[in-house]
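Trainee: Provide a 3D model corresponding to the input given below.
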Amino acid sequence: MFWTGWILAACLAQAPAVGQPLEWAIAKTRWLVEHHKLDYLKHDIGPIVTRCNKTTHRHRYGSDVSYWAALGYYEVQEKLRSAFPGLLLENCSGGGHIKDFGVIRRTHYTVTTDTLFNLPDRQGMYDSTFPLPPLLLQCYTYDNYYPVKGDNPGTFLWRSGMLGAWQIDPTDTPRWSEEERESARRSAKIYKRWIRPLLADVKVHHVLPRPDGLGWDGMFYWSPPLRRGTLYIFRPESPESRQAVKLKGLEPEGRYWLWCEDGSIEPGASAGKALMEQGLMIALPERYTSDLIFLQDASLGKPPGLEPPGEFLLHPAEVKAGPFAVSAKLGWQPSQNARSYRVAVSDQPDFQRLLASAAATAPSVILDDLPPESRLWWRVEAISWGGKRANDGEPGALATPPLATLAGIVFLSDLPWIQAAAGAGNPMRRDRNYYGKKISIAGKLYPKGLWTHAFDDDAPADVTFDLSGREHAAFKADAGLDDASGGGSIRFQVLVDGVVKTESPVLRPREVHRFHVDVSGAKRLALRVLNGGDGYACDHAAWGLARLLEPRAGDPLEDGK
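Mentor: Presented below is the predicted three-dimensional model:
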């Protein structure tokens with residue numbers, strides 16, 4: 001597949017004629033497909049104009065411009081489909097805002113929204129499925145495109161897109177963990193084998209309120225011809241761990257098998273009347289979790305694979321202390337029939353408060369950022385289509401050691417500064433970026449560092465430290481644009497006692513410059529950021545692991561150690 005895009009600010013509201021915009025658009029789109037041998041063509045931006053003063057066009061009144069322009073746009077699409085019957089056409093017109101029946105008739109997929117995170121996907125599908133079938137409503141799922149909750153590459157995000165013609169768009173797969181990769185593989189497998197066959201003639205039932213990012217939301221898809229369906233269920237910010245959902249569209253006298261992917265219900269058979277009148281009680285243990293609940297008419301027989309998980313025991317935890325956090329490798333025996341596991345860590349033996357949790361498909365997981373010098377407990381729950389089962393025996397226990405010491409190093413984010421200025425109305429930030437997450441430069445996370453922002457002119461964004469009375473031999477840091485910036489261009493400078501000692505070239509996203517500056521005998525150290533000469537949009541600057549080294553001290557952080 002080859003993707004290309006073009007923007008045409010031209011009125012298509014005239015009959016085809018040589019040299020006119022409509023004829024040009026027909027010829028140009030045909031050339032694009034022929035020349036590039038496309039099998040998929042996306043129309044984006046806004047191809048239908050609303051204003052035009054041409055007197056030779058078919059419109060005669062100011063209010064009918066878009067009507068005739070839309071007819072011209074339809075003609076472009078019709079010519080393409082006629083010339084290339086195998087070509088797939090995506091309608092992203094107006095960023096997913098144009099969903100009229102005319103353009104839907106002439107394309108294969110219509111994008112529900114161009115706001116690329118989990119909540120707008122679910123909102124767009126909720127709204128659009130009142131008049132339109134989910135088969136042609138396309139959802140983009142860009143992992144961590146915006147720094148919002150629920151957008152990590154996991155099932156909460158994937159299922160927000162699996163409501164329709166799901167398009168998974170990974171943004172940074174080299175940084176995915178194996179567990180995140182497995183979540184994508186498994187979700188794709190379920191979508192292809194179970195969900196996609198339903199979409200051709202599925203009935204959509206809006207069984208919970210419109211998604212708002214706070215309360216539970218979800219929709220129920222039921223295919224009368226196939227006699228099976230799926231309940232999508234999401235718990236975003238709701239403090240409630242349980243939710244009753246009344247289903248719709250079932251036969252009151254019928255019976256239905258129910259089971260789920262992530263253990264939110266117990267599997268079994270229920271009457272249609274009870275499911276619609278009393279509802280189904282669903283449990284999701286944490287915020288930003290979800291589940292797929294499968295239903296099948298009991299007349300089709302008991303679904304295969306509903307065996308419960310088998311017994312299993314925990315292995316001793318393997319704990320390792322680093323300079324910034326403690327990590328633990330937690331392992332256990334495989335549980336027969338288990339499709340996944342849920343791991344919980346608490347500082348209380350009754351697990352009333354969780355410090356960390358994780359989903360896993362393999363019988364082990366590594367948890368980072370555990371508190372040092374603490375007594376912790378952990379447990380595992382095995383989940384299959386046939387139910388869930390806790391590990392045999394007592395919860396696991398572990399004691400975390402103190403953090404590893406870094407002799408001879410002082411981090412600037414731990415020191416007071418005597419002056420700091422940042423552009424775009426921002427304050428300087430210690431150890432966190434604009435969104436409160438860890439600083440990240442060129443795909444690498446930095447647990448310590450300084451975040452700032454360039455100004456919209458030649459004014460420097462400086463942070464200055466007083467080194468008087470301190471004995472330091474060198475300053476070191478990795479500098480670059482924070483990965484959450486979404487663009488930008490930055491130049492970094494290091495000043496010692498008011499003199500520029502060294503500077504970086506202009507850096508753009510995914511580029512890093514490593515500083516090593518002699519500061520022996522210095523009284524002032526200033527870290528300066530300047531925009532790259534093209535304004536300050538997205539100029540989120542970060543000094544990763546900005547640190548001072550004592551004389552004759554080594555650097556345990558050198559080369560990533």
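Trainee: can you give the distance of stretch 401-418 from its chain's centre?
Mentor: 32 Å (Cα atoms, centre = their mean, to the nearest Å).
Trainee: over to stretch 508-516?
Mentor: 25 Å.
Trainee: try stretch 286-304
Mentor: Worked out by Cα atoms, centre = their mean, stretch 286-304 lies 25 Å from the chain centre.
Trainee: what of stretch 180-187?
Mentor: That offset, for stretch 180-187, works out to 14 Å (Cα atoms, centre = their mean).
Trainee: got it, and stretch 108-127?
Mentor: Distance, stretch centre to chain centre, for stretch 108-127: 14 Å (Cα atoms, centre = their mean).
Trainee: for stretch 56-63, same thing?
Mentor: The answer for stretch 56-63 is 44 Å, by Cα atoms, centre = their mean.
Trainee: just to check, Lys444 is in contact with Gly544?
Mentor: Yes - between Lys444 and Gly544 there is a contact at 7.4 Å, judged by Cβ atoms under 8 Å. Every residue, glycine included, has its C-beta placed from N, CA and C.
Trainee: ok, these two, which is more surrounded?
Mentor: Per other Cβ atoms under 10 Å, whichever of Lys444 and Gly544 has more neighbours is Gly544, with 26 against 15.
Trainee: how about the more buried one, what does it touch?
Mentor: Neighbouring residues of Gly544 by Cβ atoms under 8 Å, 6 or more residues apart in numbering: 439, 441, 444, 446, 448-449, 477-480, 512.
Trainee: pretty sure it belongs to a strand, no?
Mentor: Yes - per DSSP: H, G, I helix; E, B strand; the rest coil, Gly544 lies within a strand segment.
Trainee: grab the nearest non-local neighbour of Val76.
Mentor: Ala25 (5.1 Å; Cβ to Cβ, 6 or more residues apart in numbering).
Trainee: next secondary structure element downstream of the lowest-mean-pLDDT helix or strand in the chain?
Mentor: One helix or strand of the chain scores below all others by mean pLDDT, DSSP states H and E: helix 101-105, with a mean of 86. Sequence-wise, the next helix or strand downstream of helix 101-105 (DSSP states H and E) is strand 109-111.
Trainee: I'd like the next helix or strand past that next one.
Mentor: Following strand 109-111 in sequence order, the next helix or strand is helix 118-128 (DSSP H and E).
Trainee: which helices and strands sit right next to that next one?
Mentor: Applying 3 or more Cβ pairs under 8 Å, 6 or more residues apart in numbering; DSSP states H and E, one finds that helix 118-128 contacts strand 137-141, helix 155-161, strand 217-223.
Trainee: my read is that the residue nearest to Val76 contacts Lys79, right?
Mentor: No - here Ala25 does not reach Lys79: they are 9.2 Å apart, not a contact under Cβ under 8 Å.
Trainee: who has more neighbours, those two?
Mentor: Neighbours around Ala25 and Lys79, counted as other Cβ under 10 Å, are more numerous at Ala25. The numbers are 21 against 17.
Trainee: picking that back up, which residues do Lys444 and Gly544 both contact?
Mentor: Overlap of the contact sets of Lys444 and Gly544 (by Cβ under 8 Å, 6+ apart) consists of 478, 512.
Trainee: identify whichever of the helices and strands packed on helix 118-128 lies nearest to Leu313.
Mentor: Evaluated with Cβ to Cβ, those place helix 155-161 nearest to Leu313, the distance being 26.9 Å.
Trainee: so what touches whichever helix or strand comes after the closest one?
Mentor: Helices and strands here follow DSSP H and E; after helix 155-161, the next one along the chain is strand 165-168. Strand 165-168 is contacted from outside by 109, 134-141, 158, 161, 184, 188, 191, 199, using Cβ under 8 Å, 6+ apart.
Trainee: again with stretch 192-210
Mentor: 123, 126-127, 129-130, 133-135, 162, 164-165, 215-226, 228-231, 243, 245-249, 292, 294.
Trainee: may I have that stretch as PDB, with CA atoms only?
Mentor: C-alpha atoms of stretch 192-210 as PDB (Å, rounded to 0.1, in the frame of the first residue of the first chain):
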ATOM      1  CA  LYS A 192     -10.800 -10.900  12.700                       C
ATOM      2  CA  ARG A 193     -12.400 -14.100  14.000                       C
ATOM      3  CA  TRP A 194     -15.300 -12.900  16.100                       C
ATOM      4  CA  ILE A 195     -16.100  -9.200  15.700                       C
ATOM      5  CA  ARG A 196     -15.600  -8.400  12.000                       C
ATOM      6  CA  PRO A 197     -17.900 -11.200  10.800                       C
ATOM      7  CA  LEU A 198     -20.700  -9.600  13.000                       C
ATOM      8  CA  LEU A 199     -20.400  -6.100  11.400                       C
ATOM      9  CA  ALA A 200     -22.000  -6.900   8.100                       C
ATOM     10  CA  ASP A 201     -25.600  -7.000   9.600                       C
ATOM     11  CA  VAL A 202     -25.100  -6.200  13.300                       C
ATOM     12  CA  LYS A 203     -27.800  -4.400  15.300                       C
ATOM     13  CA  VAL A 204     -26.200  -1.700  17.500                       C
ATOM     14  CA  HIS A 205     -27.800  -1.100  20.900                       C
ATOM     15  CA  HIS A 206     -26.700   1.900  23.000                       C
ATOM     16  CA  VAL A 207     -27.000   0.300  26.400                       C
ATOM     17  CA  LEU A 208     -25.100   2.900  28.400                       C
ATOM     18  CA  PRO A 209     -24.900   6.700  28.200                       C
ATOM     19  CA  ARG A 210     -22.800   8.500  25.700                       C
END
